[in-house]
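Peer 1: Provided below are the primary sequence and the corresponding predicted coordinates.
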Number of protein chains: 2
Amino acid sequence: MIDMGSNSWRLVVYGWEPGTAWWSLTDEIREAVRVGAGMGEDNVLQPEPMERAVHTAAVFSSFCRAAGVEQIEPLATSAIRDASNRDELLDEIRRTTGLEVRVVSGEEEARYGYLAIANSTTLEDGYGIDLGGGSVQLMRLEGRQLQESISLPLGTVRMSERFLPEEKASSKQIKALRAHVREEVEGLDWWGGGGRLVGIGGTIRNLAAAAQKELDFPDVDVGGFELTADALDELIETLADRPASKRGNVKGIKPDRADVILGGALVLATAMEAGGHDLVEVSEAGLREGAFLGNVIEGDPPLFEDVRRQSVENLAHRFNTAPAHVGHVARLSLEMFDGLLEEGLHQYGDEERELLWAACVLHDIGTAIDYDDHHRHSHYLILHAGLPGFTPRELVLIGLIARYHRKGDPDASELGDLGRKGDQQLLDLLCGVIRLAEQLERSRDQSVEAVAIAAANGTVTLEPRHGGGDTSVAIWSARRNSDLLARALDLDVEVAD
Amino acid sequence: MIDMGSNSWRLVVYGWEPGTAWWSLTDEIREAVRVGAGMGEDNVLQPEPMERAVHTAAVFSSFCRAAGVEQIEPLATSAIRDASNRDELLDEIRRTTGLEVRVVSGEEEARYGYLAIANSTTLEDGYGIDLGGGSVQLMRLEGRQLQESISLPLGTVRMSERFLPEEKASSKQIKALRAHVREEVEGLDWWGGGGRLVGIGGTIRNLAAAAQKELDFPDVDVGGFELTADALDELIETLADRPASKRGNVKGIKPDRADVILGGALVLATAMEAGGHDLVEVSEAGLREGAFLGNVIEGDPPLFEDVRRQSVENLAHRFNTAPAHVGHVARLSLEMFDGLLEEGLHQYGDEERELLWAACVLHDIGTAIDYDDHHRHSHYLILHAGLPGFTPRELVLIGLIARYHRKGDPDASELGDLGRKGDQQLLDLLCGVIRLAEQLERSRDQSVEAVAIAAANGTVTLEPRHGGGDTSVAIWSARRNSDLLARALDLDVEVAD
């Protein structure tokens, strides 16, 4: 997939097992082509940006040839779409590289943005914004369906060139930019009244990264990060105080976005204000995923049935985890979780139950790195290999539960600013449960078929149901690993024969 | 492969592409079976250890069935070999699990140890020691061939039970143990006079881990660690000061080795002393690899031609790196390294050249985790996924060169106690070189075929040789990434057309 945006171009290579929903991003090159630079009101692509574009197309095309990419889909968006001389560029690209570029309409661009959002987040009813270099797509979703959408020529490059052309941004210029955006957006009767809002595109990711750097966060990507209007306003102030060429020095801001990041921040802030949104949730997916996922997912529109489940299972699949084993650890863990709940020994609900499930499915992915310390490697992979649909807090919790599925004592302080009161107890409980489930499934043959919970007289008893295999080592190992759960419950924990 | 040692049993599952030398450890279970416990002088396996052994065999066997392991090779060593009632145990295992255990002779055990050492280190002429629970194998290598070897009944469990049977170890008992070991070893005319010594086995790894914890080290495994006789003596003092049951609290010591670790340390120290060795280099390989690698490697004895090269290429293969691209980055990097050397602009030699090569081959393995921040992920994988044959210092240097192949400034302080004077300059140079090579190979199609170095008047010029493809973006990108090399050389760096 080649995404020829108005600001950056990106070549992304997906690996995909046809007939399945297993996929992964296997390679990527990004170039700040800035093809829309200097287009102005009369929408003419300029010679230098066109030259950069032709060069980049050549690089991407020879990359695809060298890498043996089977299917190439080059998509062009706003800047090229709107250019009066676009055929000149597309002909030159075709002539020099053979690439047949498809120019995506504003409507299609919004639809790809919608598919990216609906397949990378849990958004069912709410709004989406895709902030690009040339255009902005706004969307409204209802029951995961796209109800309304529009593409507006309010992209970061376009707005920056028109309203903030100098090194210094005056407050007058800033006001004019905001007024222009407000005017365009306020005409939409369906954009307003608040609700959940998801944002995509490089500018929003970059703003989120800068806001995240201000917090005490474990090292995670920005997927699921909640960028508040307040944090955005602070960033705008910081950025507006500096000349354009120095904005890349703000922690988290990419240098090659320095000159358009303020314009982008202002567009986003104004659109959020007009829509009544205090925050925007960030998704790392984009046009590329939106266009690609149509190949992977069945149905119209192509939607994963359950984004989180898909993320977790896809990640486990990428690192070749034994599905029977991890699935059974999940089963035993959830049985214990439910049994303890029935006995009134904790008050956690579906949310925590899902985190436990995800950690179970992923607890062994680290063995792809090394068996030694694989619990630590699983933690690293969970934090870094991508789990769309979860917030940073959830991601870090899943990582910690997997980290402590064997060895060591969980420490809630690792959550940093993502922590909440009671997290230590939550972690002790969930880690205590997965640790016992792992021991009960020690022989990895599901010989402990199930486990029931009984509580009486200050003692919790795990009652395993035995299948055909030898369960004695499992029982023996579980008994040696019950401390953590006992501590979490402040009760004795016994494992019956 | 099932390794039924006298202390721990280990099931290791190897993945292997038949007909190739690509392999990986895909799964592992370890049980502290302690089958040799209480055997005493009359060599009778005791009922409890036998019961543990039969259970563990059942667990391992059902694991293999569940995991679809194609070929199972259970090997038993010293304790079972020497037991007068071994057939009773092996019959019971056969009856309950169907596993046909092969009892390895002392000579074979030494040969497997030798193959593990010769295929996981750069040792050509020198000595090896494999310290197990029941026996110790000593070896002498010449030109990577096994010249001498012996298996002696001086294992950690055996020696601990015989000489240190109580919670407290008296100095008299310690002396008696040492005297016994010395007597057995001093009879060997080929064990002595110093030279390189490599040690394998869980006890030595564990002692190395404890010694490593005393140092300011990046988080790496113990492969290649040099355990000095002095550090070992300090550990012995620390361990001997505590009762056996508390020795597992010493940082780095595994609790399930607590009661035999002192005995093991004393055997090792005495054997080193008798051999004239100030230090032992640790390999993480063991009997298992020794026995397995015969399937992977051709020749008799089956030896990798070049252990380090094999390690690097195998790791790159495990994480699916594009070989043409990384091979070409290596080629361009080495051309620059050599060209700069010829111009007298650095004084580094083959050692540093090899580290640069390894970092080039591995610089992209992190993309298996995520394209974003893949330089960081490559660093993590290099440190943790296993690169036999390199010392911790070399490993960390390779990791840092790969880490800084794009973005950021290398920082030699990350080496901690592994650092040496001049490391900052070394890192700047090697990172500066790989960063330029990566840009010259930006289109990943080898269109910049080669690069020559010219130096004159305070300027170093890189002169690319162009192939068929478009090299303009590569040249342009290289020009934007020459700062680091310029800083390392304290010269201007230019990239010619």
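Peer 2: Thanks, I have the structure now.

Peer 1: Can you get me a residue count around the closest residue in space to A:G408 that isn't next to it in sequence?
Peer 2: Once flanking residues are discounted, A:G408 sits nearest to A:H375: 7.9 Å by CB to CB, 6 or more residues apart in numbering or on different chains. Glycine gets a C-beta too; all of them are placed from N, C-alpha and C. Residue neighbour count, defined by other CB atoms under 10 Å in any protein chain shown, stands at 19 for A:H375.

Peer 1: repeat for A:A412
Peer 2: A:A412: 19 surrounding residues under other CB under 10 Å.

Peer 1: Isn't it up against A:L427?
Peer 2: Yes. Counting by CB atoms under 8 Å, A:L427 is a contact partner of A:A412 at 5.5 Å.

Peer 1: show me where the stretch 1-150 of chain A has helices.
Peer 2: A:47-67, A:78-82, A:86-97, A:106-118 (DSSP state H, counting those that start in this stretch).

Peer 1: and chain B, which of those is closest to it?
Peer 2: Chain B sits nearest to helix A:47-67 of all those, at 3.9 Å, using CB to the nearest CB.

Peer 1: for chain A, what spans make up the strands?
Peer 2: Counting by DSSP state E, chain A has strands at residues A:2-4, A:9-16, A:23-31, A:74-76, A:102-103, A:126-131, A:136-142, A:145-152, A:197-200, A:226-228, A:279-282, A:448-456, A:459-466, A:492-495.

Peer 1: what about A:G389, distance to chain B?
Peer 2: 16 Å (CB to the nearest CB, to the nearest Å).

Peer 1: likewise A:N457?
Peer 2: Distance from A:N457 to chain B, by CB to the nearest CB: 31 Å.

Peer 1: cool, A:W476 as well?
Peer 2: 8 Å.

Peer 1: For the residue nearest to A:G408, which residues are in contact?
Peer 2: By CB atoms under 8 Å, 6 or more residues apart in numbering or on different chains, A:H375 lies in contact with A:363, A:366, A:402-408.

Peer 1: Among those residues, which lie within helices?
Peer 2: Using DSSP state H, A:402-403 are the members of the contacts of A:H375 that sit in helices.

Peer 1: which parts of stretch A:314-330 are buried?
Peer 2: With burial defined by 16 or more other CB atoms under 10 Å in any protein chain shown, the residues of stretch A:314-330 counted as buried are A:314-319, A:321-322, A:325-330.

Peer 1: Show me the domain layout of chain A.
Peer 2: When chain A is parsed with automatic domain parsing, its domains come out as A:2-104, A:106-289, A:307-495.

Peer 1: Please identify which of these is closest to B:I80.
Peer 2: Of all the domains of chain A, it is domain A:307-495 that lies closest to B:I80, at 18.9 Å by CB to CB.

Peer 1: Please state the offset of that closest one from the chain centre?
Peer 2: Chain-centre distance of domain A:307-495: 23 Å, with CA atoms, centre = their mean, to the nearest Å.

Peer 1: Quick one: end-to-end length of it, please.
Peer 2: 36 Å (CA to CA, to the nearest Å).

Peer 1: Looking at the stretch 101-250 of chain A, what residue ends up closest to chain B?
Peer 2: Counting by CB to the nearest CB, the stretch 101-250 of chain A gets nearest chain B through A:D221, at 6.5 Å.

Peer 1: my guess is that residue meets A:A385, correct?
Peer 2: No. Using CB under 8 Å, A:D221 is not in contact with A:A385; the gap is 9.7 Å.

Peer 1: roughly how far apart are A:G294 and A:D300?
Peer 2: For A:G294, the distance to A:D300 equals 9 Å [CB to CB, to the nearest Å].

Peer 1: ok, the two, which is more surrounded?
Peer 2: Taking neighbours as other CB under 10 Å, A:G294 and A:D300 compare with A:G294 leading, 17 against 7.

Peer 1: The residue lying closest to the more buried one once chain neighbours are set aside: neighbouring residues, count only.
Peer 2: Of all residues not flanking A:G294 in the chain, A:P302 sits nearest, at 4.8 Å (CB to CB, 6+ apart). Look at A:P302: counted by other CB under 10 Å, it has 16 neighbours.

Peer 1: Phi, psi for A:P302 please.
Peer 2: For A:P302, the backbone dihedrals (degrees, to the nearest 10) come out as phi -70, psi 100.

Peer 1: residues contacting it?
Peer 2: A:115, A:119, A:293-294, A:296.

Peer 1: Then A:L400?
Peer 2: A:379, A:410, A:414-415, A:427, A:431.

Peer 1: Kindly recompute the last result at 6 Å.
Peer 2: A:410, A:427 (CB atoms under 6 Å, 6 or more residues apart in numbering or on different chains).

Peer 1: Do you know the pLDDT at it?
Peer 2: Looking at A:L400, its pLDDT reads 98.

Peer 1: Please report how far it lies from A:L426.
Peer 2: 10 Å.

Peer 1: Kindly report the same for A:T471.
Peer 2: When A:T471 is compared with A:L426 (using CB to CB), they lie 30 Å apart.

Peer 1: Serialize the buried residues of stretch A:314-330 to TSV and add fields for pLDDT and distance to A:V33.
Peer 2: Shown next, in TSV, are the buried residues of stretch A:314-330 (pLDDT from 0 to 100; distance: CB to CB, whole Å):
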residue	pLDDT	distance to A:V33
A:N314	93	30
A:L315	95	31
A:A316	95	36
A:H317	93	34
A:R318	91	30
A:F319	91	34
A:T321	79	39
A:A322	83	44
A:H325	91	47
A:V326	95	43
A:G327	96	45
A:H328	97	50
A:V329	97	47
A:A330	98	45
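
Peer 1: Output the below-cut-off pLDDT ranges for the stretch 51-200 of chain A.
Peer 2: Of all residues in the stretch 51-200 of chain A, none has pLDDT under 70.

Peer 1: How about A:A169: what's its closest non-neighbour residue?
Peer 2: Spatial nearest neighbour of A:A169, chain neighbours left out: A:A240 (5.3 Å); criterion: CB to CB, 6+ apart.

Peer 1: Compute the number of surrounding residues for that neighbour.
Peer 2: 18.

Peer 1: thought A:H328 was touching A:S443?
Peer 2: No. Using CB atoms under 6 Å, A:H328 is not in contact with A:S443; the gap is 10.7 Å.

Peer 1: before we move on, the earlier item: output the strands of chain A in CSV; the columns should cover mean neighbour count.
Peer 2: Listed next are those as CSV, based on neighbours: other CB atoms under 10 Å in any protein chain shown:
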stretch, mean neighbour count
strand A:2-4, 26
strand A:9-16, 20
strand A:23-31, 19
strand A:74-76, 23
strand A:102-103, 16
strand A:126-131, 26
strand A:136-142, 24
strand A:145-152, 18
strand A:197-200, 27
strand A:226-228, 19
strand A:279-282, 24
strand A:448-456, 17
strand A:459-466, 17
strand A:492-495, 18
